[in-house]
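Visitor: sequence? don't have it. structure:
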């Protein structure tokens, strides 16, 4: 990770960590970089945060000042920017969003012309420019760029999603939690077009309520909504709709690990897996691996971040992967996690198997997990502290084959994440606290967040 760009873009509190000047300079650099030998074209999307409009204007000013044309998808999802960047031959795409973070945060995600996370070499160039006093040349006269309304691109993406459904959703009652974010209009349009009886919550964004007690990070409302309305299934998205979690007809949460299990099992049964392994991160649950072992489906583990999952899939030709948080990548159809696409693929499993989601997910049992976020004096020093390492080794030995420890740096926040997986909630709590106590004894702990 660089100074500004983490695993999921440049993210921070709007006009504090990520400022309008940063956005302008990012636009300036992208317009200059891609416009060296042709008229650059950059497509931009945003979520519903109040500051997204400000950052959109600043990016457009920077791009056009460097001679690039900026095409605006307006409020849309991260995967739609990825799709349009790839399908419509743009030099790159930009998504303005802080995903599941609160409204006062925002982020700038850069996507290359292949619809994938931007190359590190270009991000390094941008970071160097942000910290320099260098002045890039301004476009003059007819070389100045223009801003183009490109809402048609968003509509084309919606059409693409609809085309991927294998069956009608007629007679299905489907709940959608749009997180007051990117899917607040899109999701209902897709499911209505596919014939569902669609019920929607958290679809009234006001610029301040994105992810507030709703969406994939606060799924309790959708659980209650599904049960009270007798729905067949519910889907919850995050702020920029690259995540999806589901709720079965009984109100149980179906997380990203469940979704990978359900979809991989279905693909295997239909001879569509083609020997592909399931690509997970180190944070996936042991229950997923045990269930895949029973099916004879292989898997690989990457560092945390859908970026690393996508890299592994691309390099090894795997066609399904993702994270427990709901970033699921279906490699035949997308290059990034896509919440709406994930919902469509889960519905494919339901409609073709003619079984409810509770039955489809029943073959996987989740191991209890406990994760605590801790603020420490220095993340690297704490990870390398001998007392902390010794305690982690002791906990791992205590757990044996019936549990594990993951201690890692957050890719988006100044935190260490301490996670223990074990056979009971009480044991998870005990072992997490044991590791945190070692940090405190070594003088590394500031607070448990």
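Guide: That came through fine. Note that the structure is a prediction, hence the values are computed from the model and not measured.
Visitor: So which bits of stretch 369-376 are buried?
Guide: Using 16 or more other CB atoms under 10 Å as the test for burial, stretch 369-376 gives 369-370, 372, 374, 376. Heads up, the C-betas are built off the backbone N, CA and C, glycines and all.
Visitor: For the residues you listed, could you give me a markdown table that also reports pLDDT?
Guide: Below are these laid out as a markdown table (pLDDT from 0 to 100):
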| residue | pLDDT |
| --- | --- |
| 369 | 91 |
| 370 | 94 |
| 372 | 95 |
| 374 | 95 |
| 376 | 91 |
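Visitor: and the residues you listed, which of them are in strands?
Guide: Counted as lying in strands by DSSP state E, out of the buried residues of stretch 369-376, are 369-370, 372, 374, 376.
Visitor: farthest-separated two in these?
Guide: Using CB to CB, these reach their maximum pairwise distance at 369 and 376, which is 21.0 Å.
Visitor: Show me the strands in the stretch 301-449 of the chain, by range?
Guide: Taking DSSP state E, counting those that start in this stretch as the test, the strands found in the stretch 301-449 of the chain are 320-322, 328-330, 369-376, 404-409, 416-421, 445-448.
Visitor: What of the stretch 101-250 of the chain?
Guide: Under DSSP E, counting those that start in this stretch, the stretch 101-250 of the chain gives strands at 105-112, 147-149, 173-177, 197-201, 233-237, 244-247.
Visitor: Would you mind giving the ones you listed as a markdown table with mean neighbour count added?
Guide: As requested, the strands of the stretch 101-250 of the chain are exported to a markdown table (neighbours: other CB atoms under 10 Å):
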| stretch | mean neighbour count |
| --- | --- |
| strand 105-112 | 25 |
| strand 147-149 | 13 |
| strand 173-177 | 26 |
| strand 197-201 | 18 |
| strand 233-237 | 30 |
| strand 244-247 | 28 |
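Visitor: could I get those strands as CSV with mean pLDDT?
Guide: Listed next are those as CSV, based on pLDDT from 0 to 100:
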stretch, mean pLDDT
strand 105-112, 98
strand 147-149, 98
strand 173-177, 98
strand 197-201, 98
strand 233-237, 98
strand 244-247, 98
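Visitor: nearest to residue 208, of the strands of the stretch 301-449 of the chain?
Guide: When those are compared by CB to CB, strand 369-376 sits nearest residue 208, at 24.0 Å.
Visitor: and the closest one, which strands flank it?
Guide: strand 416-421 (antiparallel), strand 445-448 (antiparallel) (DSSP bridges).
Visitor: quick one: low-confidence ranges for the stretch 1-150 of the chain?
Guide: The stretch 1-150 of the chain contains residues with pLDDT under 70 at 1.
Visitor: if we go to 80?
Guide: Applying pLDDT under 80 to the stretch 1-150 of the chain picks out residues 1-2, 7.
Visitor: Would you map the helices across it?
Guide: Ranges of helices within the stretch 1-150 of the chain are 20-34, 50-65, 78-87, 120-130, based on DSSP state H, counting those that start in this stretch.
Visitor: right, and those helices - which one's nearest residue 270?
Guide: Among the helices of the stretch 1-150 of the chain, helix 78-87 sits nearest to residue 270 (CB to CB), with 23.9 Å.
Visitor: tell me the angle that closest one makes with strand 105-112.
Guide: Comparing the axes of helix 78-87 and strand 105-112 via axes from the mean of the first three to the mean of the last three CA atoms, to 10 degrees yields an angle of 20 degrees.
Visitor: Can you name the residues in contact with helix 78-87?
Guide: Applying CB atoms under 8 Å, 6 or more residues apart in numbering, the set of residues contacting helix 78-87 from outside is 43-45, 73, 90, 92-95, 97, 99, 109, 111-116, 150, 153-154, 156-157, 160, 182, 186, 240-242, 334-341.
Visitor: Try it again at 6 Å.
Guide: 43, 45, 93, 95, 111, 114-115, 153-154, 157, 240, 242, 335-336, 338 (CB atoms under 6 Å, 6 or more residues apart in numbering).
Visitor: tell me how far it is from the chain's mean position?
Guide: Here the centre of helix 78-87 is set off from its chain's centre by 14 Å, with CA atoms, centre = their mean, to the nearest Å.
Visitor: now swap in stretch 97-113 and tell me
Guide: Distance, stretch centre to chain centre, for stretch 97-113: 10 Å (CA atoms, centre = their mean).
Visitor: What is the end-to-end distance of that stretch?
Guide: This stretch, stretch 97-113, spans 19 Å end to end (CA to CA, to the nearest Å).
Visitor: Excluding chain neighbours, what is closest to residue 390?
Guide: Leaving aside its sequence neighbours, residue 390 sits nearest to residue 438 (CB to CB, 6 or more residues apart in numbering; 7.7 Å).
Visitor: pLDDT score assigned to the one you found?
Guide: In the predicted model, residue 438 carries a pLDDT score of 95.
Visitor: now do residue 293
Guide: pLDDT recorded at residue 293 is 95.
Visitor: Would you mark the buried spots in the helix or strand hosting it?
Guide: Per DSSP states H and E: residue 293 is located in helix 286-295. Neighbour-count burial for helix 286-295, counted by 16+ other CB under 10 Å, picks out 286-289, 291-292, 295.
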